[in-house]
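[1] Okay, structure incoming, though there's no sequence with it:
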Ligand SMILES: [Zn+2]
């Protein structure tokens, strides 16, 4: 029985995380297409997941999306003036 790892993950991710659907509009703005159904790979731990499955924390004027497996930051979105900047260096999009 491995009760420790879900608990540890809960600490990393927290109870207040949203999912990738929360930033669907911003992603659309940044990439110019629907992104929540795109699969990516976390460069920290190698886990593949849908963008919709990332743990998202919105924090004006942007958002941070973390890998649910290792808790590391996968994507950062920042709104600067009127344009959306997406930093996805740690999340390899598999399209
Ligand atoms: Zn990861």
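    Here it is on my side, so go on. Computed from a predicted structure; not experimentally measured.

[2] OK, contacts around the residue most central in space within the chain?
    Nearest to the mean C-alpha position of the chain, counting by C-alpha atoms, centre = their mean, stands residue 65 at 2.6 Å. Shown in contact with residue 65 (C-beta atoms under 8 Å, 6 or more residues apart in numbering): 20, 23, 51, 54-57, 73-77, 91. For the C-beta atoms, the positions are set from N, CA and C on the backbone; glycine is no exception.

[3] Buried subset of those residues as a ChimeraX selection?
    To isolate the buried ones among the contacts of residue 65 in ChimeraX, judged by 16 or more other C-beta atoms under 10 Å, type:
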select :20,23,51,54,55,56,57,73,74,75,76,77,91
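
[4] which is the next helix or strand following the strand or helix carrying residue 30?
    Using DSSP states H and E, residue 30 falls within helix 24-31. Going down the chain from helix 24-31, the next helix or strand is strand 39-42, by DSSP H and E.

[5] Go ahead and name everything in contact with that following strand.
    Contact partners of strand 39-42, identified using C-beta under 8 Å, 6+ apart, comprise 47-51, 67, 69-70, 72, 74, 88, 90-95.
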